[in-house]
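Asks: turn this into a model:
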Amino acid sequence: MPRRPRIHIDGVALHNVQRGHNRAVCFFDDQDCYTYLGGPGEAVPRERCQLHAYVLMTNHVHLLLTPEHAISVPRLIISVGRRYVQYINNAYGRTGTLWDSRYESSLVQAETYLLVCQRYLELNPVRAGRLADPGDYPWSSYRANALGLANAILSPHPLYLALGEDNASRGEVYSGLFGTALDDAPLADLRMALHQEQPVGNSCFSAEIEAMTGQRRELRKRGRPRKNNRKEPLADAEQRTLPL
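Replies: The predicted model follows:
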């Protein structure tokens, strides 16, 4: 069955994931991470997108962004990915592909899921069991959004800016959101939306997307899962961990 076409819409937040080919490792040391982040640093302003949050995991990358023009999203992802592949192949004397041929994406209704999605991204290293505090992980946007560390590639979303009158108050409120674990339901919705490449939001949001695209766009809830006593990994297919 063919996969649904991705949907990108002007001014609507988008959750993107790019995974290593066959879920293989993409980041081998700190320099790799520094180099990768130089890609969004160049491409995000050029493509007139705003990057709100990100996390680099060993074998995949999450980006939460809002494009001014929908057509710029694939250009941005391709540009960042290609730039990094060239670096990796040169640095490690390798050839061939690094990423899966298709990135995953899901439109995000800002009012209901944007800050949830940011937390989801920035808690990935914690769910992977790498550390207990997301502030100890250098390869995500948490230190900027919660601790006020300067990060030139980020553009805060208006919902984040509404958390407080200044950077300090916003960071305090935002970091307080991490005092409780994310509920299972929104986590499942975010993951399912990526897998199905569907919007994540309430029924009104889905209806708006359907009206704009002429396509039925809603999450297809899975049936009752089979009983399984085996403990599954909590992070997104994370099998190895990055150095700190």
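
Asks: give me the distance between Phe205 and Ala13.
Replies: 11 Å (Cβ to Cβ, to the nearest Å). All C-beta spots, glycine's among them, are computed from the backbone N, C-alpha and C.

Asks: neighbour-wise, which of those two wins?
Replies: Ala13 (25 against 21; other Cβ atoms under 10 Å).

Asks: what's near enough to touch the closest residue to that one other than its chain neighbours?
Replies: Take Ala13 and drop its neighbours on the chain: the residue closest to it by Cβ to Cβ, 6 or more residues apart in numbering is Val108, 4.3 Å away. Counting by Cβ atoms under 8 Å, 6 or more residues apart in numbering, Val108 touches 12-15, 64, 114, 117, 199-201.

Asks: could those residues be laid out in TSV, adding pLDDT?
Replies: Putting these into TSV (pLDDT from 0 to 100) gives the following:
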residue	pLDDT
Val12	96
Ala13	97
Leu14	97
His15	97
Leu64	98
Leu114	96
Cys117	97
Pro199	91
Val200	92
Gly201	91
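
Asks: filter those residues down to the ones in strands?
Replies: 14-15, 64 (DSSP state E).

Asks: between the residues you listed, which is nearest Leu76?
Replies: When the ones in strands among the contacts of Val108 are compared for distance to Leu76 (Cβ to Cβ), Leu14 wins out at 10.2 Å.

Asks: how many neighbours does that closest one have?
Replies: 23.

Asks: wait, what's in contact with it?
Replies: Residues near Leu14 by Cβ under 8 Å, 6+ apart: 8, 64-67, 73, 105-108.

Asks: just checking, what packs against the longest helix along the chain?
Replies: Criterion DSSP state H: the longest helix present in the chain is helix 72-92. Counting contacts by 3 or more Cβ pairs under 8 Å, 6 or more residues apart in numbering; DSSP states H and E, helix 72-92 packs against strand 14-19, helix 30-46, strand 49-56, strand 60-67.

Asks: now it: mean pLDDT?
Replies: Mean per-residue pLDDT for helix 72-92: 96.

Asks: lowest-confidence helix or strand of this structure?
Replies: helix 203-213 (a mean of 86; mean pLDDT, DSSP states H and E).

Asks: counting by contacts, list what that one packs against.
Replies: Helix 203-213 packs on no helix or strand, going by 3+ Cβ pairs under 8 Å, 6+ apart.

Asks: quick one: low-confidence ranges for the protein?
Replies: 1-4, 214-244 (pLDDT under 70).

Asks: if we use 50, what do you get?
Replies: In the predicted model of the chain, residues 1, 223-241, 243-244 satisfy pLDDT under 50.

Asks: overlap in contacts, Phe205 and Ala13.
Replies: Gln109.

Asks: contacts only, for the residue nearest to the spatial centre of the chain.
Replies: For the chain, the residue nearest the mean C-alpha position is His62 (2.8 Å; Cα atoms, centre = their mean). The contact partners of His62, by Cβ under 8 Å, 6+ apart, come to 15-17, 53-55, 121, 124, 236.

Asks: thank you kindly, that will do.
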